[in-house]
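Asker: Can you look at this prediction? I've put the sequence above it.
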Amino acid sequence: MVPVTIDGEQVKLATITYKPPGNGPFPTLIFHHGSTGSGRDPALFERPYDPKALAGWFTARGWAVILPSRRGRGGSEGTYDEGFEPDRAQGYSCEPALALAGAERALRDIDAITPVLLAQPFVDRERVAVGGLSRGGILSVAWSGRQPAVPRAVVNFVGGWLSERCASIDDVNADLFRRGSVFDQATIWLYGYRDSYYSLRHSRRNFAAFRAAGGKGAFREHVPPQGLDGHQIAAIPDLWTEALEAYLADQGLSAKPPQAVAIDGNTIKMDGTTYRLWGIDAPELDQRCYPQGWRAGIEAARALAAMIERRPVTCEAKAQDGYGRTVALCRAGGRDLGAAMVVSGMALAVTGDGGDYAEQEVQAMRARVGVHAHACLAPWEWRAQRRLGN
């Protein structure tokens, strides 16, 4: 809950923050939520906006993501009043004066909260992007015109203010998008087919109005999976990963997930840091299991490499070992690598550094997989014998 003053009123706005491991500073995305459909269901006002797939996409690439809720939304204090009819039970108004006044109120919320968010110690103020979904998308474009020196990138997912039910949709939405034309860097607009709020024909007209006013950017169209509304494409990173990575790279911002490399069955190297997987011990590279001579160490390293191949890897540091390696809980695509190695029989659980994969080890023993299918010494026993010259 972040205290701010808006329109002379002191309120606390709710935020959700995602961060990668470490203290930063990180490139940071400030991402704004949309509306609540027709605006006729007050129960939806309190529901926090928490796009986990989108946030995970950015944190896997080393970004922090901050999700502020405007007044009266998602647990924030104050009244939610972004362009309602005089009788609020009728929901959002199509009247241009009321709709634009609601948008201006939302922009004042963003004016108030943004400096507070930028002051967080983990935020790299030289690498800030703003973005949003639906109403949040059009707000991110319009706000970049108010504060063009703040963001280096603007990411608009299926943005718009009024929906197709309003005859005034073209005038109101184009008005707000044109406000972002002052921002002199490129923006990216990501839209989907079969959007129940904003048709692609309408959204293309908005982009044309933005460009005609001097705005810069690219308009990308994506086909969602069958049965999915085009308004929901932000939840399907596979649709837009290539386009968004390329855009961010053009803006001089990190866009690719760090590439991890398996060194052996319990060690990876990523971005110059060597990590030993927390809670496990795997066979050494030259370790074999006799009498068959099964190459346990090579197979364990191959198994770990397959688990991390082309997947975003994150590591949460736990300690340092005697060799200077960071002992860490690492995940590939959200999957706990230590647990996966143990349950596949390619590593053994150890408790010395706090790990707890005993249940996974029992599963592997029962299934007789990996080292449990061969006459293998435990890695620590094998190392001890080698030190003795055996």
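Answerer: Received, thanks. Numbers count the residues shown, from 1 in each chain.
Asker: Every contact and neighbour count from this point should use C-alpha atoms.
Answerer: Will do.
Asker: Can you mark which positions in stretch 280-288 are buried?
Answerer: Under the neighbour-count criterion of 16 or more other Cα atoms under 10 Å, stretch 280-288 has 280-285, 287-288 buried.
Asker: Save those residues as JSON lines, and put in pLDDT, distance to P121 and secondary structure too.
Answerer: Supplementary listing: these in JSON lines, determined by pLDDT from 0 to 100; distance: Cα to Cα, whole Å; DSSP: H, G, I helix; E, B strand; the rest coil:
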{"residue": "I280", "pLDDT": "95", "distance to P121": "34", "secondary structure": "strand"}
{"residue": "D281", "pLDDT": "95", "distance to P121": "36", "secondary structure": "strand"}
{"residue": "A282", "pLDDT": "96", "distance to P121": "38", "secondary structure": "coil"}
{"residue": "P283", "pLDDT": "95", "distance to P121": "41", "secondary structure": "coil"}
{"residue": "E284", "pLDDT": "94", "distance to P121": "41", "secondary structure": "coil"}
{"residue": "L285", "pLDDT": "93", "distance to P121": "42", "secondary structure": "coil"}
{"residue": "Q287", "pLDDT": "93", "distance to P121": "46", "secondary structure": "coil"}
{"residue": "R288", "pLDDT": "93", "distance to P121": "49", "secondary structure": "coil"}
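Asker: Pull the residues that contact the longest strand seen in the chain.
Answerer: Among the elements of the chain assigned as strand by DSSP state E, the one spanning the most residues is strand 123-133. Counting by Cα atoms under 8 Å, 6 or more residues apart in numbering, strand 123-133 makes contact with 24-34, 64, 117-118, 137-141, 144, 150-159, 234, 253, all of which sit outside it.
Asker: In terms of helices and strands, where is the nearest residue to T59 once chain neighbours are set aside?
Answerer: For T59, ignoring the flanking residues on the chain, the nearest one in space by Cα to Cα, 6 or more residues apart in numbering is P20 at 5.3 Å. For P20, there is no enclosing helix or strand under DSSP states H and E.
Asker: Surely P20 is in contact with G62?
Answerer: Yes - with contact taken as Cα atoms under 8 Å, P20 and G62 are classed as touching, separated by 5.8 Å.
Asker: More neighbours: which of those two?
Answerer: G62 (24 against 19; other Cα atoms under 10 Å).
Asker: Now do the contacts for that one.
Answerer: G62 makes contact with 19-20, 26-27, 254, 257-258 under the criterion Cα under 8 Å, 6+ apart.
Asker: picking up where we left off before, gap between the residue nearest to T59 and T241?
Answerer: Distance check for P20 against T241: by Cα to Cα, to the nearest Å, it reads 19 Å.
Asker: before we move on, what about G74?
Answerer: Plainly put, G74 is 27 Å away from T241 if you go by Cα to Cα.
Asker: Now do the buried residues in the least confident helix or strand in the chain by mean pLDDT.
Answerer: The least trusted helix or strand in the chain, going by mean pLDDT, DSSP states H and E, turns out to be strand 313-320, with a mean of 88. Residues of strand 313-320 classed as buried under the neighbour-count rule (16+ other Cα under 10 Å) are 313-317.
Asker: Give me the sheet partners of that strand and which way each runs.
Answerer: In its sheet, strand 313-320 lies beside strand 326-332 (antiparallel), with partners assigned from DSSP bridges.
Asker: What would the partner strand look like as PDB? C-alpha coordinates only.
Answerer: Written as PDB, here are the backbone C-alpha positions of strand 326-332 (Å, rounded to 0.1, in the frame of the first residue of the first chain):
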ATOM      1  CA  THR A 326      26.600 -19.800  -5.100                       C
ATOM      2  CA  VAL A 327      24.300 -22.500  -3.600                       C
ATOM      3  CA  ALA A 328      20.900 -21.700  -5.100                       C
ATOM      4  CA  LEU A 329      17.400 -22.900  -5.700                       C
ATOM      5  CA  CYS A 330      17.200 -22.800  -9.500                       C
ATOM      6  CA  ARG A 331      14.100 -23.200 -11.700                       C
ATOM      7  CA  ALA A 332      13.800 -23.600 -15.400                       C
END
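Asker: what comes into contact with it?
Answerer: Applying Cα under 8 Å, 6+ apart, the contact partners of strand 326-332 are 273-278, 307-308, 311-321, 336-338.
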